[in-house]
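Q: structure for this input, please:
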Amino acid sequence: MSFIVKAAVKDALSEQNVSADFYEALDDEVNELLEDAAQRAEANDRKTVQARDL
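A: Numbers count the residues shown, from 1 in each chain. Next up, the predicted model:
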């Protein structure tokens, strides 16, 4: 499952070139952030992931 939108990344980094492998690496980082946030919420007996879980 992909979490990022390549076009949005290209727009955000419009002044730079973006290599093809950057998108996969960024997607992996986002996935890790989501997993960590979900674990923090669960550890605090919440089903709602909140900004403070990041």
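Q: quick one: residue 40 and residue 34 touch, right?
A: No: shown here, residue 40 and residue 34 do not form a contact pair, counting by Cβ atoms under 8 Å, at 10.9 Å. For glycine as for every other residue, the C-beta is placed from the backbone atoms N, C-alpha and C.
Q: show me the strands in the protein, by range?
A: Counting by DSSP state E, the chain has no strands to list.
Q: give me phi/psi at the spatially most distant residue from the centre of it?
A: Farthest-out residue of the chain from its mean C-alpha position, per Cα atoms, centre = their mean: residue 45, at 22.8 Å. Main-chain dihedrals, residue 45, degrees, to the nearest 10: phi 60, psi 40.
Q: need the contact list for it.
A: Going by Cβ atoms under 8 Å, 6 or more residues apart in numbering, residue 45 touches no other residue.
Q: again with the one 3 residues further on
A: The neighbourhood of residue 48, defined by Cβ under 8 Å, 6+ apart, consists of residue 41.
Q: now it: how far from residue 38?
A: 10 Å (Cβ to Cβ, to the nearest Å).
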